[in-house]
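Chemist: the sequence and its predicted three-dimensional model are supplied below.
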Amino acid sequence: MRALVIDDEPRLAANIAGSLREGIGLEADVALDGEQGWALVNAPTPEPYDLVVLDLKLPKLEGPELLRRLRASGRRMPVLVLSVRDDKLTIVELLDSGADDYVPKPFDLGELLARAKALIRRSQTPLAAVLCRGTLELNQLERRVRRAGQEIVLTPMEYRVLEYLALNAGRVVPKAEMLAHLYDFSAGKFTNVVEVYMSALRRKVDGAFTAKVLFTERGRGYALRADRSDEDAPGPG
């Protein structure tokens, strides 16, 4: 398995790469700017990277743009972001852009390794080509959603919320459990984001349909209940 560390601080990048080699057994390459990192990702190789550790502030091509390019190109390897910025808005924007986890600088290398292991383990979970819940279909390989044949465009984090509810269809998922699934780091400052994502999902997934599949159980959590009736068709407007 292979990892790519993209950070413009040579000593830090080398330390991270060395820790990934010794602590997890990954082969690890290093890029010191965004353009070099993008070139390594695109280099012809029989083994694509299984993890990217990405600093936000990079010369030539900054981290957020590199992240957008990775996801736009269809690459799904986990991306662990590093940055001195630790404000809620920045982190939410990164996660919505396709980052999988976030470690603020300065950090403990042991914590970084634990996060990296968790991301790799999660990425190796077998996926169904299409996960069907009534008329709702989630293509887990492409992260695309359709309902009654209609394409539904979701952000990466909206998709992760919906996917987890679909995998646990019929069961009320407590808010704390959803937060633990979404964020491998401390979720203390994100206690209200699940409501935000659920509001967006209800608008996108349920808004045009007479039969609703997404529910909030006040004080308990959230649930997806598949409706298989013939009435599950787009409503007026």
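Modeler: Sure thing, it's come through. Residues are numbered from 1 along each chain as shown.
Chemist: which residues sit in contact with the closest residue to residue 107 other than its chain neighbours?
Modeler: Nearest non-adjacent residue to residue 107, counting by CB to CB, 6 or more residues apart in numbering: residue 82, 7.3 Å away. Where C-beta positions appear, they are placed from N, C-alpha and C, glycine not excepted. Contacts for residue 82 (CB atoms under 8 Å, 6 or more residues apart in numbering) come out as 7, 53-56, 103-105, 107.
Chemist: any of the residues you listed buried? List them.
Modeler: Among the contacts of residue 82, those classed as buried by 16 or more other CB atoms under 10 Å are 7, 53-56, 103.
Chemist: out of those residues, who's nearest residue 96?
Modeler: Nearest to residue 96, judged by CB to CB, of these is residue 56 at 14.6 Å.
Chemist: tell me the contacts of that closest one?
Modeler: When contacts are taken as CB under 8 Å, 6+ apart, residue 56 is in contact with 62-64, 81-83, 85, 94.
Chemist: now, the residues you listed that are in strands?
Modeler: 81-83 (DSSP state E).
Chemist: can I get those residues in CSV with distance to residue 212 and pLDDT?
Modeler: Putting those into CSV (distance: CB to CB, whole Å; pLDDT from 0 to 100) gives the following:
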residue, distance to residue 212, pLDDT
81, 35, 90
82, 40, 89
83, 39, 81
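Chemist: including distance to residue 217, could those residues go into CSV?
Modeler: Listed next are the ones in strands among the contacts of residue 56 as CSV, based on distance: CB to CB, whole Å:
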residue, distance to residue 217
81, 33
82, 37
83, 36
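Chemist: reformat the buried ones among the contacts of residue 82 as JSON lines; add secondary structure.
Modeler: Listed next are those as JSON lines, based on DSSP: H, G, I helix; E, B strand; the rest coil:
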{"residue": "7", "secondary structure": "coil"}
{"residue": "53", "secondary structure": "strand"}
{"residue": "54", "secondary structure": "strand"}
{"residue": "55", "secondary structure": "strand"}
{"residue": "56", "secondary structure": "coil"}
{"residue": "103", "secondary structure": "strand"}
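Chemist: tell me the one of those nearest residue 69?
Modeler: residue 54 (11.3 Å).
Chemist: how many neighbours does residue 193 have?
Modeler: 20 (other CB atoms under 10 Å).
Chemist: could you chop the chain up by domain?
Modeler: As given by automatic domain parsing, the domain ranges for the chain are 2-123, 131-224.
Chemist: if we can go back for a sec, relative to residue 101, how far out is the residue nearest to residue 107?
Modeler: To residue 101, residue 82 is 10 Å away according to CB to CB, to the nearest Å.
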